[in-house]
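A.B. asks: show me the folded form of this:
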Amino acid sequence: MLIKKLLRLPLYFVLFLILSENLNAQNPESYNKTYNKTYLETSQKNFKKALLVADSLYINSETPKFKAKSLMLSATLLQQYGDDKKSLEYALTAEQYVANSEDYVLQSKIYGFLSSQYRSLGLFSQSKNYVIKSEYAIKKIDNILITNNLLAFVMLEKAYYEIKFKNYKKALNFIYKSDSLFNASGNKKLFLIANNRQVEGLCYDRLGNYNKSLTCYRAAESILELMPDNYLKGLVFSGIAQVYIETKNLKKAKLYFKRAESIAEKSNHLSLKNEIYDTSQKYYFATKNIEKLAEVKIKQDSTREKISHNILAFIDKQYNESQQKNTDDEKKSTTNTLLLILLIILFTISTIVRFLDNRKQKAHVKNLEQNFYQAQEKHREYINLKESIQKNNDNTEVIPVLEYDQFSMMTPATEKKLLAKLEKFENSILFTRNSISLPYLATYCDTNTKYLSYIINNFKHKDFNNYINELRINYIIGKLKSDSKYQKYKIASLAAEAGFSSQSKFATAFKKITNTSPSHYLQTLKDKKND
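C.D. replies: This next block holds a predicted model:
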């Protein structure tokens with residue numbers, strides 16, 4: 001019965017319960033009893049009651065360690081319920097309580113949880129920072145068995161990180177390291193083994209090794225077969241369905257994605273729903289069931305909106321807190337005015353001594369300003385001349401290419417970094433998401449919308465909407481040329497596959513980019529095939 005309840009818990013929290021025997025000597029028995037009963041029993045029957053108990057534990061906790069544990073109980077309950085924003089808030093507060101403690105096990109657990117949560121929200125830089133912090137805390141733990149256990153989870157988190165950026169071979173190396181560490185620690189928990197096999201199966205599927213992928217997924221399935229439905233089982237079923245779709249075994253694919261779909265509908269995990277809706281759409285697209293495809297697309301769009309809302313709400317909260325901190329700092333600086341005045345008096349003599357040097361510097365700055373305006377004028381003349389030449393050559397409106405110079409709003413290094421992230425984005429199929437937006441892409445690129453718009457306008461030579469539309473149209477054209485079955489699909493199906501919300505928008509974008517309509521383009525391909 002205990003194993004069944006453990007399967008419903010987030011993986012990082014399962015580890016905490018596994019290690020609890022090593023902490024019992026430091027924790028009052030009554031606290032542990034209430035704590036474990038709340039998570040393992042009360043939360044499965046009455047979520048609100050469990051959250052109230054967790055809050056009560058926090059209020060009555062007398063030490064930072066107990067307060068941090070109580071907050072993590074709330075954070076994990078909220079994560080299980082699907083409220084990632086509040087879950088992160090609780091975990092970040094817990095982090096503050098253990099930041100200066102010597103409880104490195106609890107520190108590494110909290111850092112690991114935060115890493116996982118940030119990754120699920122698509123905030124990869126923050127996620128990676130917490131992986132590093134978790135590793136640093138683990139190095140300070142004396143117990144080698146606990147160390148190996150914790151490091152195994154760190155390796156798995158690193159694998160997830162590499163998967164997000166399509167580095168599947170690197171991810172596999174981390175999974176194998178995780179397996180080795182689990183074995184070294186003597187940890188033989190079946191659900192941990194199943195989790196590693198699920199991630200391994202995902203990597204092999206993305207690498208196109210479907211036989212190996214299916215073997216891994218089958219290993220996970222056999223472990224989870226007699227256990228109750230849970231998040232991991234949903235991912236395994238979805239993964240098996242995807243392999244069968246890729247290998248054209250649609251009968252078996254339907255069997256598994258339906259089982260995965262059933263788990264997703266009962267779950268509060270938005271990421272699980274999103275993953276399984278992807279699989280469902282691939283199946284319905286392969287079977288040309290447009291009605292079901294549209295139905296699942298609506299469900300997925302709704303789920304993605306909730307995910308985006310959670311991300312943006314959290315980012316907005318972080319921004320507001322940062323602004324508030326700046327305000328508080330300004331208030332503190334006001335109280336130090338007298339001290340600053342004294343410092344200014346002390347530096348007055350040295351300022352007078354440097355006065356003559358400053359005059360020379362001002363003269364130099366003035367010369368630089370004059371050079372700047374002269375260069376700016378020459379730059380405008382160059383752009384006007386280039387536009388004129390291009391218009392005369394092909395009689396078309398050309399957006400000038402702005403090479404980096406002193407007028408750019410960011411450094412070459414920043415431009416190079418953003419261009420590399422855009423290249424990764426272009427090599428994915430994220431642009432086929434109907435809900436893609438400039439703020440979403442800016443978050444993906446770890447930048448702001450202003451910088452991203454600048455890069456797209458000046459290096460891709462178009463605005464955001466036209467940039468996305470061109471990626472989508474080129475994606476569909478590639479499919480039409482490489483896979484003849486796409487030539488048999490209706491325009492509406494192609495529009496949905498590309499990520500357009502309507503057939504008319506797809507047709508308009510297609511004609512703008514190719515100078516021909518989708519139907520005419522399809523007919524041309526068919527005519528060439530018949531010749």
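A.B. asks: now do the SS call for the residue nearest the centre of the chain.
C.D. replies: The centre of the chain sits closest to Gly122, judged by Cα atoms, centre = their mean, with a distance of 1.7 Å. Of the three states, Gly122 takes coil according to DSSP: H, G, I helix; E, B strand; the rest coil.
A.B. asks: try the one 3 residues further on
C.D. replies: Here Ser125 is helix, with the state taken from three-state DSSP.
A.B. asks: surely it is in contact with Asp446?
C.D. replies: Yes - using Cβ atoms under 8 Å, Ser125 is in contact with Asp446, at 5.2 Å. C-beta here means a position set from N, CA and C on the backbone, and glycine is covered the same way.
A.B. asks: settle it for me: which of those two has more neighbours?
C.D. replies: The neighbour comparison of Ser125 against Asp446 (other Cβ atoms under 10 Å) goes to Asp446, with 14 against 8.
A.B. asks: give me the phi and psi for the more buried one.
C.D. replies: The phi/psi pair for Asp446 (degrees, to the nearest 10) reads phi 60, psi 50.
A.B. asks: surely it and Ser127 touch.
C.D. replies: No - counting by Cβ under 8 Å, Asp446 does not reach Ser127; the two are 11.1 Å apart.
A.B. asks: now the helix or strand containing Ile468, how far from the centre of its chain.
C.D. replies: Using DSSP states H and E, the element containing Ile468 is helix 464-482. How far helix 464-482 lies from its chain's middle: 23 Å, per Cα atoms, centre = their mean, to the nearest Å.
A.B. asks: now do the helix or strand following it against helix 464-482, angle only.
C.D. replies: Once helix 464-482 ends, the next helix or strand along the chain (criterion: DSSP H and E) is helix 491-498. For helix 491-498 against helix 464-482, the angle by axes from the mean of the first three to the mean of the last three Cα atoms, to 10 degrees is 110 degrees.
A.B. asks: which strands and helices sit next to the next helix or strand after helix 491-498?
C.D. replies: Remark: after helix 491-498, the chain's next helix or strand is helix 503-514, criterion DSSP H and E. Counting contacts by 3 or more Cβ pairs under 8 Å, 6 or more residues apart in numbering; DSSP states H and E, helix 503-514 is packed against helix 464-482, helix 491-498, helix 518-530.
A.B. asks: low-confidence regions, the stretch 401-531 of the chain specifically.
C.D. replies: 401-409, 531 (pLDDT under 70).
A.B. asks: what helices or strands is the helix or strand containing Ala253 leaning on?
C.D. replies: Using DSSP H and E, Ala253 falls within helix 250-266. Where contact means 3+ Cβ pairs under 8 Å, 6+ apart, helix 250-266 is packed against helix 231-246, helix 270-286.
A.B. asks: worst mean pLDDT among those?
C.D. replies: Lowest mean pLDDT within these: helix 270-286, a mean of 88.
A.B. asks: and the helix or strand hosting Phe425, what's buried?
C.D. replies: Assigned by DSSP H and E, Phe425 falls within helix 412-427. Buried residues in helix 412-427, counted by 16 or more other Cβ atoms under 10 Å: Glu415, Lys417, Leu418, Lys421, Leu422, Phe425, Glu426.
A.B. asks: what's the answer for stretch 203-215, then?
C.D. replies: Cys203, Tyr204, Asp205, Asn209, Tyr210, Lys212, Ser213, Leu214.
A.B. asks: residues touching the fifth one, list them.
C.D. replies: Spelled out, it's Tyr210. Tyr204, Val243, Glu246, Thr247 (Cβ atoms under 8 Å, 6 or more residues apart in numbering).
A.B. asks: tell me how far Ser437 lies from Glu423.
C.D. replies: As for Ser437, its distance to Glu423 is 20 Å (criterion: Cβ to Cβ, to the nearest Å).
A.B. asks: repeat for Leu52
C.D. replies: Counting by Cβ to Cβ, the gap from Leu52 to Glu423 is 49 Å.
A.B. asks: follow-up on the earlier one: what sits up against the helix holding Ile468?
C.D. replies: Outside helix 464-482, the residues that touch it by Cβ under 8 Å, 6+ apart are 426, 429, 431-432, 436, 438, 441, 452-453, 456, 460, 462, 486-487, 494, 497-500, 509-510, 512-514, 521-522, 525.
A.B. asks: please type out the ChimeraX selection for whichever of those turn out to be buried.
C.D. replies: Restricted to buried positions by 16+ other Cβ under 10 Å, the ChimeraX selection for the contacts of helix 464-482 reads:
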select :426,431,432,436,438,441,452,456,460,486,487,494,497,498,499,500,509,510,521,522,525
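A.B. asks: touching, Lys505 and Ala496? I think so.
C.D. replies: No - Lys505 lies out of contact with Ala496 (Cβ under 8 Å); the separation is 11.3 Å.
A.B. asks: next, give phi and psi for Ile429.
C.D. replies: Torsion angles, degrees, to the nearest 10, at Ile429: phi -120, psi 20.
A.B. asks: ok, Lys505 and Ala496, which is more surrounded?
C.D. replies: Taking other Cβ under 10 Å, Lys505 and Ala496 do not tie; Ala496 has more neighbours (24 against 13).
A.B. asks: ok, the more buried one - contacts?
C.D. replies: Applying Cβ under 8 Å, 6+ apart, we find Ala496 in contact with Phe285, Ile290, Leu293, Ala294, Lys297.
A.B. asks: pretty sure the third one is touching Ala286, no?
C.D. replies: No - no contact is recorded between Leu293 and Ala286 when judged using Cβ under 8 Å, the distance being 9.9 Å.
A.B. asks: more neighbours: those two, which one.
C.D. replies: Counted by other Cβ under 10 Å, Leu293 and Ala286 do not tie: Leu293 has more neighbours, with 21 against 16.
A.B. asks: just the element for the more buried one, please.
C.D. replies: Per DSSP H and E, Leu293 falls inside helix 290-335.
A.B. asks: can you give me phi and psi for Asn448?
C.D. replies: Here is the backbone geometry of Asn448 (degrees, to the nearest 10): phi -110, psi 170.
A.B. asks: that one contacts Ala442, correct?
C.D. replies: Yes - at 5.7 Å, Asn448 and Ala442 qualify as touching, with contact defined as Cβ under 8 Å.
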